[in-house]
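Participant: need the 3D shape of this:
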Amino acid sequence: MLKVIDATGFISFQDIGRKGFQNFGVPVSGAMDWFAYQVANQLVGNSQNATALEIGLGEITFQAKQDCVLAVTGAGYEVQNYIWTFPLWTSFYVRAGWYVQIKKTKAGNWAYLAIAGGFDVPKILGSSSTYMRGGLGNHIQTGNVLQSGKPSTELTKLAARDFPVQKFMRYSQSPTIEVIAGPQRERFDNSFFENEYTLSKSFDRMGYRLEGKIIEASDKTELISEGMTMGSIQITNQGQPIVMMADSPTTGGYPKIGNVIRVDLPLLAQCESGTSTIRFKEVSVEEAQEKYKRCSQLFT
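Facilitator: Model prediction:
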């Protein structure tokens, strides 16, 4: 059990997402950085779909109301536990009464806090993920008391673990993001893949708007809205890309030049507005699948 003393930014409960309701217009949601979310749960012995706390573009301070083991992953944060500072991608023991602060320090947007036993949160349409635009779940605010479940084993066996993140996910503020071709790829030349982009200040959990060289379409025929998913790259009428993220609408009418592969979505999610330089590389579906298979073996 954790009592929130102070909270800023966008802080919410997330799991792997609300799947199976896109045909009703309900986004999948879930963690913006699925890799960091799953590692956080793994470090404290939770299931892959245990509810964790996503801290976005802000900070949180809380007091433990009982002994617990926590893990924090992501990019751009550090953890102050009582009198000690912990790096990300580790698990640590917290005694009842201690204060813990997760604070923003450098490049990155999202951190994930997992507690041994998972957070005890009601599920809506099969998921505890927060989707504020649809009124599903709530932001975490000062004064909230966050309940937790029963740990999978003794707390002492779950503390002092770490994960060698750089071996598996190389977070960077100048990433090359791999993309598979989208349904309207033939409308565009290769300029999207030959130029560099920055993340606009106009970004959120729904989409990342990019700024850079204008992308011209050879065919400007308007589309009937069609299905979209996290990672879909739309090119607007103004010639700028928008990458759909965790709260992506289920349909859209702009042409889609490609889709960010699943393994590279965390790299894009952690890019900072006005700081990052982002490039894109086209790969085959088979290459994307093989890369995901290798990465997903970590969680089986």
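Participant: wait, what's in contact with the residue sitting nearest the centre point of the chain?
Facilitator: Centroid-nearest residue in the chain, with C-alpha atoms, centre = their mean: Met32, separated by 1.7 Å. Residues near Met32 by C-beta atoms under 8 Å, 6 or more residues apart in numbering: Gln14, Glu54, Gly56, Asn109, Trp110, Arg205, Met245, Ala246, Ala269. Yep, even glycine has a C-beta here, placed from its N, CA and C like the rest.
Participant: go again using 7 Å as the cut-off
Facilitator: Residues near Met32 by C-beta atoms under 7 Å, 6 or more residues apart in numbering: Glu54, Trp110, Arg205, Met245, Ala246, Ala269.
Participant: show me which pair in those residues is furthest apart.
Facilitator: Farthest apart among these by C-beta to C-beta are Glu54 and Met245. That separation is 12.2 Å.
Participant: neighbour-wise, which of the two wins?
Facilitator: More crowded of Glu54 and Met245, by other C-beta atoms under 10 Å: Glu54, with 28 against 22.
Participant: what kind of secondary structure is that one in?
Facilitator: strand (DSSP: H, G, I helix; E, B strand; the rest coil).
Participant: can you offset everything so residue one is 26?
Facilitator: In the new numbering, first residue 26, that becomes Glu79.
Participant: bridged to the residue nearest to it when sequence neighbours are not counted, which residues?
Facilitator: Distance criterion C-beta to C-beta, 6 or more residues apart in numbering; nearest residue to Glu79, sequence neighbours excluded, is Gln39 at 4.6 Å. Counting by DSSP bridges, Gln39 forms beta bridges with Ala77.
Participant: which parts of stretch 109-126 are buried?
Facilitator: Phe111, Leu113, Trp114, Thr115, Ser116, Phe117, Tyr118, Val119, Trp123, Val125, Gln126 (16 or more other C-beta atoms under 10 Å).
Participant: does the closest residue in space to Val310 that isn't next to it in sequence sit in a helix or strand, and which one?
Facilitator: Excluding the flanking residues, the one nearest Val310 by C-beta to C-beta, 6+ apart is Ile205, at 5.4 Å. In this assignment (DSSP states H and E), Ile205 forms part of strand 201-206.
Participant: and Ala136, by the same measure?
Facilitator: Here Ala136, judged by DSSP H and E, is contained in strand 135-140.
Participant: what are the pairing partners of that strand, and which direction each?
Facilitator: Applying DSSP bridges, strand 135-140 is found paired with strand 77-81 (antiparallel), strand 93-99 (antiparallel).
Participant: name the helices or strands packed onto the next helix or strand after the first one?
Facilitator: Translated: strand 77-81. Sequence-wise, the next helix or strand downstream of strand 77-81 (DSSP H and E) is strand 85-89. On a contact count with 3 or more C-beta pairs under 7 Å, 6 or more residues apart in numbering; DSSP states H and E, strand 85-89 meets strand 27-32, strand 124-129.
Participant: on that earlier part again, what angle separates the strand holding Ala136 from strand 27-32?
Facilitator: For strand 135-140 against strand 27-32, the angle by axes from the mean of the first three to the mean of the last three C-alpha atoms, to 10 degrees is 160 degrees.
Participant: still on that earlier bit, got the strands paired with strand 135-140 as a markdown table, with distance to Leu171 columns?
Facilitator: Output for these, formatted as a markdown table (distance: least, C-beta to C-beta, whole Å):
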| stretch | distance to Leu171 |
| --- | --- |
| strand 77-81 | 7 |
| strand 93-99 | 11 |
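Participant: got a list of what the residue nearest to Val310 touches?
Facilitator: Ile205 touches Gly283, Asn284, Ile286, Val308, Val310, Ala313, counting by C-beta under 7 Å, 6+ apart.
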